[in-house]
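> here's a sequence, model it:
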Amino acid sequence: MEFRVGILTLSDKGSKGERVDTSAPGLRDLLTEKLGDSFRVEAYEIIPDDRLTIEAKLKSWSDELRLNLILTTGGTGVAPRDVTPDATLNVIEKQVPGMAEAMRYASLQKTPMAVISRAVAGIRGQTLIINLPGSPKGARESLEAILAALPHALEKILGDPADCAPNP
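Have a look, this model is predicted:
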């Protein structure tokens, strides 16, 4: 199965051209390295850390572009402009807390600062939205923590009726 992906970078400086985005290319490369051609990045954008702008983009990419997966990078901490999780919670219909917990757990093995991540994961329609940190290293490590589960999760979101585990 092939999945359509969007990568949305949240950065005030990046959206003004004052900072080069290295997180999104790293995420795209990781998807290709680990999952091959089954994950195809079809949308990419850098927008400011503005809650309403983020909400509008997540809705558009989910409802109009009908992407299967949206990875956000940036704005997951506790700074005043870190509003990505808040915007995500406003647009999703269901949370997938295990993904956010797994990312925080994996990150905590590397830095005690992982405890201040507010990243969330959830579903809007048939789109899985996952918040990742803004740092290239943190974004990549967080995605690696859940990468193996992504194909199965997306198949289930799309309505795959198969059992998750075969009966003995």
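> if you average the pLDDT over stretch 153-168, what comes out?
Per-residue pLDDT over stretch 153-168 has a mean of 82.
> show residues contacting it.
Residues from elsewhere that reach stretch 153-168, judged by CB atoms under 8 Å, 6 or more residues apart in numbering: Met1, Phe3, Asn68, Leu69, Val96, Met99, Ile123, Gln126, Thr127, Leu128, His152. Where C-beta positions appear, they are placed from N, C-alpha and C, glycine not excepted.
> in these, which residue is surrounded by the most others?
Counting neighbours by other CB atoms under 10 Å, Leu128 leads the contacts of stretch 153-168 with 27 neighbours.
> and the helices in this protein, which stretches?
Secondary structure of the chain (DSSP state H): helices at 12-15, 23-35, 51-59, 84-91, 97-108, 136-146, 150-157.
> so which of those gets nearest Val115?
Proximity to Val115 (CB to CB) singles out helix 97-108 among the helices of the chain, at 6.7 Å.
> quick check: Cys164 vs Ala148, distance?
In this structure, Cys164 and Ala148 are 14 Å apart, going by CB to CB, to the nearest Å.
> distance to Gly74 for the helices of the chain - can I get that in JSON lines?
Formatted as JSON lines, these follow (distance: least, CB to CB, whole Å):
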{"stretch": "helix 12-15", "distance to Gly74": "8"}
{"stretch": "helix 23-35", "distance to Gly74": "7"}
{"stretch": "helix 51-59", "distance to Gly74": "10"}
{"stretch": "helix 84-91", "distance to Gly74": "6"}
{"stretch": "helix 97-108", "distance to Gly74": "14"}
{"stretch": "helix 136-146", "distance to Gly74": "8"}
{"stretch": "helix 150-157", "distance to Gly74": "20"}
